[in-house]
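Peer 1: Structure, please.
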Amino acid sequence: QVQLVESGGGLVQAGGSLRLACTASTSAFSIKDMAWYRQAPGKQRDLVARITSGGSTNYADSVKDRFTISRDNAKNTVYLQMNSLKPEDTAVYYCNARGRHSDDPLREYGYWGQGTQVTVSS
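Peer 2: Residues are numbered from 1 along each chain as shown. All right, here's what the predicted structure looks like:
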């Protein structure tokens, strides 16, 4: 089993910054991709940013040039630096990790964190 623990959410004024962190507690699990998703009230959960084990990244158009995803493979931790925040960035942010267990190497598993609230006031 893999547990993801997020931190860093909170309330910030528009134009401000926040940094989210997510650490994966793993045992015999090789993490491939780590990502951040977000879900606003009444809306679906959407991808914000993803980073591969090799460091390749992709972002939602709405956050490009404002958000930066990074990861520390040694710590199984992914970060999301959010700058120039807007009220429309308000959502619950979820960490996601995909990879393979050593005892089931042919199957890919995905895990979610519990979510952290980000609220941007205007």
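Peer 1: Quick check: bridge partners of the residue nearest to the spatial centre of the chain?
Peer 2: Closest to where the C-alpha atoms of the chain average out (C-alpha atoms, centre = their mean) is Trp36, at 2.4 Å. With DSSP bridges as the criterion, the beta-bridge partners of Trp36 are Ala49, Cys95.
Peer 1: got the buried residues for stretch 26-35?
Peer 2: Thr26, Phe29, Ile31, Asp33, Met34, Ala35 (16 or more other C-beta atoms under 10 Å). Just so you know, the C-beta spots here come from the backbone N, C-alpha and C atoms, and that holds for glycine as well.
Peer 1: surely the first one meets Asn76?
Peer 2: Yes. Here Thr26 lies in contact with Asn76, judged by C-beta atoms under 8 Å, at a distance of 5.9 Å.
Peer 1: and the residue nearest to the centre of the chain, what does it touch?
Peer 2: Counting by C-beta atoms under 8 Å, 6 or more residues apart in numbering, Trp36 touches 20, 22, 47-50, 69, 78, 80, 93-96.
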